[in-house]
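Peer 1: Sequence below, structure please.
(one chain, ligands or ions: 1)
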Amino acid sequence: SSSRSQHRLFSTAFGYPGVNSTYDYVVVGGGTAGLTLARRLAAHASVAIIEAGGFYEVETGNASVVPLLSLTGLAFLDPAETFLPQPLADWSLVTEPVVGAAGRRIHYAQGKTLGGSSAINTMSYIRSTRGAYERWAEIVGDDSYEWDAMLPFLKRSVHLTPPDLAKRNSTAAPVVYDRSAFDPAGGPMQVSWNNWVDPTLAWMAKAVGQAGLPLSDEGFVSGSLVGQGAWVPSTIDPERATRSSAETSFLREAIEETNLIVYTHTLAKNILFDTASLPKATGVSVNTAGLDYTILARKEVVVSAGVFHSPQLLLVSGVGPVSTLQSLSIPVVADLPGVGQNLWDPIQIFVSYQADTTSGQVLTADPATAPRYLEQYFTDASGPYSSAAGFLAAERVPPSYRSGLRSETLAKLSSWPEDVPELEYITGSFVGPNLTTIATVAVVMPLPFSRGSVTISSRDAADPPVIDLGWFADDADLELALAGLKRLRNDIWNTPVARQHRVGKELLPSPGVQTDKQMREYIRQNASPIWHACSTCAMGKAEDVEEGKAVVDSHGRVFGVDGLRVVDASAFPFSMPGHPQSAVYALAEKIAEDIMKSA
Ligand SMILES: Cc1cc2nc3c(=O)[nH]c(=O)nc-3n(C[C@H](O)[C@H](O)[C@H](O)COP(=O)(O)OP(=O)(O)OC[C@H]3O[C@@H](n4cnc5c(N)ncnc54)[C@H](O)[C@@H]3O)c2cc1C
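Peer 2: Residues are numbered from 1 along each chain as shown. This next block holds a predicted model:
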C-alpha cells in the first residue's frame with residue numbers, strides 16, 4: 001500500500017465515510033503542517049488525513065484563490081464579533097472577552113479547509129532570524145533547530161520563481177532577495193512576487209525609508225529582519241497568479257504521487273489510547289456528517305489541528321491539566337499541565353489616512369475600471385487582482401523611544417537575541433467611501449510578553465474551544481504598543497513623502513487622540529489579531545513539563561504518552577518574529593524526516 005501508484009484516479013485519494021480503517025499513520029488536520037507532513041510520510045507508508053473542511057476552491061469560490069481577494073475577503077479578516085461567517089472555510093472562532101482590550105470578543109480566523117490557514121492567510125512568505133532559531137534550539141535542547149540546520153528544511157518545502165519585473169512594472173519597488181536561500185529543486189509550495197505594484201504601497205515604502213529604515217540588502221528570507229524587506233515574496237503561483245497553499249502543493253502532489261487517503265468534512269472527536277501500560281495512541285474516533293467510526297494507526301497519530309484545535313483535541317482525549325480534565329469528568333490519560341497554556345499572540349495597531357493615490361482595491365471596486373483589470377488578470381496573470389500583501393519592515397525600538405521605556409520593560413526586551421526585531425510595520429491600501437484610497441500602516445509587536453490560553457468547556461470536540469488571548473496582560477506590551485504608535489504617527493506618517501500623499505486629517509486614531517492616556521485607550525479599543533498565534537502545545541525539555549512550559553519534545557512527541565505527536569504552530573516554543581508560515585512548513589518537513597528515520 002505504500003508504493004507509488006502510477007495510475008490512481010483522483011477519487012481514489014478519498015476515504016469512504018463510515019467504514020473503520022487502519023493506516024500506518026493518521027494525521028489529524030489537513031492544514032499547513034498536516035498536509036506537508038502527510039505528503040512526506042505517504043512516500044514511504046500508508047497515511048490517512050482527517051480534515052474537518054473540504055476544498056476551498058469549491059466551497060468559497062475565488063475568495064481564497066485570487067491574491068487581491070485575500071485582503072478584501074473581509075469575512076476572514078474581520079476581527080469584530082459581528083463578522084460575516086464563512087462556515088465552509090473558517091472555524092468562526094470568537095474568543096472570550098479580552099480583558100486588556102476593552103473587553104472585546106475577537107473573531108479569530110482559522111482555516112477550516114484543506115490547506116488550513118495557508119488557504120486563508122495573506123500570503124507573505126518571510127523567515128525568522130538566526131537568533132530566533134538559536135533560541136528555539138536552546139529552549140528545546142536540540143541544536144538541530146539552529147538556523148544552519150533548519151535552512152535545508154526551510155528550503156525543502158518551497159520552489160522560488162524570481163519576480164517578473166516587466167509585469168511588476170515599477171522602479172519604485174526594487175525587489176531584493178538572496179537566491180541562495182532557496183533550493184533550485186525545492187518543494188511543491190510556490191513562492192514568488194506579485195505581478196503588480198500597488199501605487200499607494202510604493203510611496204508608503206519610501207516613507208518608511210525616510211523614517212530611517214534602510215532597504216535590506218538580502219531581503220527577509222535569509223535569517224535577518226532589518227530595515228525594509230524590499231518587497232517580500234508571497235505564497236503565490238506566478239504562472240496564473242493564484243494562491244499556493246498546502247492543498248494546491250503538497251496535497252495535489254500526494255494525490256498524484258502517493259497513496260495518501262483523505263477524509264474530508266470529517267471531525268476528529270477523540271484520540272483513542274491503549275492504556276494497558278504507558279498510554280499509547282492507537283487511532284482516532286471521527287465523525288463525518290453524523291456518521292461515527294474509527295480510523296486506527298498502526299504506528300502513530302500526528303495531531304496538526306492548529307493552535308486552538310490541537311490543544312482542544314488533546315484535552316477532550318484526556319491529555320492535559322488534571323484539574324481541567326476532572327472538572328469535565330474526562331478520564332485522565334496523561335497529566336500535562338502545559339496543554340493549552342503559553343498562547344503567544346502578536347497584535348497589530350493601525351494608523352491611517354486617506355491617500356492621493358489609487359490602489360488595487362479601488363481599481364477593482366470601480367465599475368469603470370474593474371472589467372479591464374479582470375481581463376488583464378485572466379489573460380496575463382498581472383494587474384491589481386494578481387497582487388496580495390507585499391511590504392514589510394522591522395526594527396528594534398529606536399533610541400529616542402527606547403529611552404522612554406521603563407527599566408522592567410527594557411530588561412524584558414534585552415532577554416531576546418539581538419537580531420530579533422521588536423517592532424514590525426505592515427503597509428496596506430484599502431478602498432474607502434466614494435472610491436477613495438485609505439492608506440494604513442500597522443505596527444506589530446512580534447514578541448508579546450502577555451500569555452493567553454486555550455481550554456474546553458465540554459468533552460465534545462464539535463463545541464468550540466475556549467480562547468483567552470491574554471492581550472496586554474503584561475504592561476510591557478502596552479508600553480511597546482504606545483512606542484510603536486508614536487513611531488508611526490510622529491515619524492513614518494510625518495515624513496516628507498507621507499505628508500505629500502496623505503489627504504486631510506488622520507482617520508485612525510484621529511486628531512483628538514493625543515495624550516498617552518488617550519492613545520492607550522485607542523490601543524485597547526483597536527488592537528487586532530495578526531493571526532500568528534502559537535505555542536499552546538509548546539515544544540520544550542522534559543524538565544519543563546511539570547511547570548506547564550512543555551508539552552512535546554524536540555521531535556514533536558507528546559510527553560507522557562506513546563505514539564502521539566503534535567506538529568503545527570501550536571508546537572512552536574514561542575512566536576517566531578517575521579511571519580510564521582515558513583516555520584510551520586519547515587517544522588513539518590523536519591518532523592516528517594524524523595519519523596521516517598526512526599520508523
Ligand atoms: C487570516 C490569516 C492571515 C495570515 N497571514 C499570514 C501571512 O501573511 N504570512 C504567514 O507566514 N502567516 C500568516 N498567517 C499564519 C499562518 O497561516 C499560520 O500560522 C499557519 O497556517 C498555521 O498552520 P497550522 O498547520 O498550525 O494550522 P492550520 O493550517 O490552520 O491547520 C489546521 C487544520 O486542522 C483542521 N482541524 C482542526 N481541528 C480539527 C478536528 N478536530 N478534526 C479534523 N480537522 C481539524 C483545520 O480545519 C485545519 O485545516 C495568517 C493566518 C491567518 C488565519
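Peer 1: and the nearest residue to Ile467 once chain neighbours are set aside, how many residues sit next to it?
Peer 2: Excluding the flanking residues, the one nearest Ile467 by C-beta to C-beta, 6 or more residues apart in numbering is Thr95, at 4.3 Å. C-beta here means a position set from N, CA and C on the backbone, and glycine is covered the same way. When neighbours are counted by other C-beta atoms under 10 Å, Thr95 registers 26.
Peer 1: doesn't Gln110 make contact with Thr95?
Peer 2: No - contact criterion C-beta atoms under 8 Å: Thr95 and Gln110 do not qualify, at 11.4 Å.
Peer 1: hmm, back to that, check contacts around the residue nearest to Ile467.
Peer 2: Arg105, Ile106, Tyr108, Ile467, Asp468, Leu469 (C-beta atoms under 8 Å, 6 or more residues apart in numbering).
Peer 1: what pairs with the residue lying closest to Asp237 once chain neighbours are set aside across the strands?
Peer 2: The shortest distance from Asp237 to any non-neighbouring residue, by C-beta to C-beta, 6+ apart, is to Gln190 (4.1 Å). Beta-bridge partners for Gln190, by DSSP bridges, are His159.
Peer 1: Just say helix, strand or coil for Arg298.
Peer 2: With DSSP: H, G, I helix; E, B strand; the rest coil as the basis, Arg298 sits in strand.
Peer 1: So what's the residue count around it?
Peer 2: Applying other C-beta under 10 Å, I find that Arg298 has 14 neighbouring residues.
Peer 1: what's the residue in the stretch 51-200 of the chain that the ligand sits nearest to sitting at in phi/psi?
Peer 2: Residue of the stretch 51-200 of the chain nearest the ligand, by C-beta to the nearest ligand atom: Gly116 (2.3 Å). Dihedral pair for Gly116: phi 60, psi -140, per degrees, to the nearest 10.
Peer 1: show me the contacts for it.
Peer 2: Counting by C-beta under 8 Å, 6+ apart, the residues that Gly116 touches are Gly29, Gly30, Gly31, Thr32, Ala33, Gly34, Leu35, Gln110, Ala246, Gly306.
Peer 1: where's the residue of the chain found nearest the ligand relative to Ala297, distance?
Peer 2: The nearest approach of the chain to the ligand comes at Gly31, 1.8 Å away (C-beta to the nearest ligand atom). Look at Gly31 and Ala297: by C-beta to C-beta, to the nearest Å, they are 18 Å apart.
Peer 1: Likewise for Gln341?
Peer 2: 27 Å.
Peer 1: which residues are in contact with the helix or strand bottoming out on mean pLDDT in the chain?
Peer 2: Ranked by mean pLDDT, DSSP states H and E, the weakest helix or strand in the chain is helix 74-77, scoring a mean of 78. Contact partners of helix 74-77, identified using C-beta under 8 Å, 6+ apart, comprise Ala63, Leu71, Phe83, Leu84, Pro85, Gln86, Ala89, Asp90, Ala109, Ile120, Thr122.
Peer 1: ok, and which of those residues reach the ligand?
Peer 2: For the ligand, the contacts drawn from those by C-beta under 6 Å from any ligand atom are Ala109, Ile120, Thr122.
Peer 1: Compare these and tell me which is most surrounded.
Peer 2: Going by other C-beta under 10 Å, Ile120 tops those with 28 neighbours.
Peer 1: That residue touches Tyr108, doesn't it?
Peer 2: No - with contact defined as C-beta under 8 Å, Ile120 does not count as touching Tyr108 (11.7 Å).
Peer 1: I'd guessed Asp78 sits against Gln86; true?
Peer 2: No - at 10.1 Å, Asp78 does not count as touching Gln86 under the criterion of C-beta under 8 Å.
Peer 1: and these two? which has more neighbours close in?
Peer 2: Using other C-beta under 10 Å as the criterion, Asp78 and Gln86 rank with Gln86 on top: 21 against 14.
Peer 1: What parts of the stretch 251-400 of the chain come near the ligand?
Peer 2: Leu267, Ala268, Ser304, Ala305, Gly306, Val307, His309, Leu313.
Peer 1: Among those residues, which one is most surrounded by other residues?
Peer 2: Result: Ser304 is most packed of these (other C-beta under 10 Å), 35 neighbours.
Peer 1: Contacts only, for that one.
Peer 2: Per C-beta under 8 Å, 6+ apart, neighbours of Ser304: 27-29, 31-34, 37, 310, 566-568, 588.
Peer 1: now what about stretch 318-326, what contacts it?
Peer 2: 271, 273, 311, 314-315, 330-337, 339-341, 455-456, 548, 558, 560-561, 564.
Peer 1: Would you list the buried entries among those?
Peer 2: Using 16 or more other C-beta atoms under 10 Å as the burial test, the contacts of stretch 318-326 include 271, 273, 311, 314-315, 330, 332-337, 339-341, 455-456, 548, 558, 560-561, 564 as buried.
Peer 1: how much space between the closest residue to Thr266 other than its chain neighbours and Ile261?
Peer 2: When the adjacent residues along the chain are set aside, Thr266 lies closest to Thr288, with 4.4 Å between them (C-beta to C-beta, 6+ apart). According to C-beta to C-beta, Thr288 stands 13 Å off from Ile261.
Peer 1: between the two, which one's more packed in?
Peer 2: The neighbour count for Thr288 versus Ile261, taken as other C-beta under 10 Å, is higher for Ile261 (24 against 18).
Peer 1: Show me where the stretch 251-400 of the chain has its strands.
Peer 2: Taking DSSP state E, counting those that start in this stretch to define them, one finds strands in the stretch 251-400 of the chain at 261-263, 266-274, 280-288, 291-303, 319-320, 334-335, 347-355, 392-395.
Peer 1: now the second one against strand 291-303, angle please.
Peer 2: Taking axes from the mean of the first three to the mean of the last three C-alpha atoms, to 10 degrees, one finds that strand 266-274 is oriented at 70 degrees with respect to strand 291-303.
Peer 1: what distance separates strand 266-274 from the middle of the whole chain?
Peer 2: Distance of strand 266-274 from its chain centroid, counting by C-alpha atoms, centre = their mean, to the nearest Å, is 25 Å.
Peer 1: Show me what it is in contact with.
Peer 2: 15, 17, 28-29, 50-52, 279-288, 292, 294, 296, 301, 303, 305, 313-314, 316-319, 333, 460-462, 561, 564.
Peer 1: 7 Å instead?
Peer 2: Residues outside strand 266-274 that contact it (C-beta atoms under 7 Å, 6 or more residues apart in numbering): 17, 28, 50-52, 279-288, 294, 301, 313, 316-317, 333, 461-462, 561, 564.
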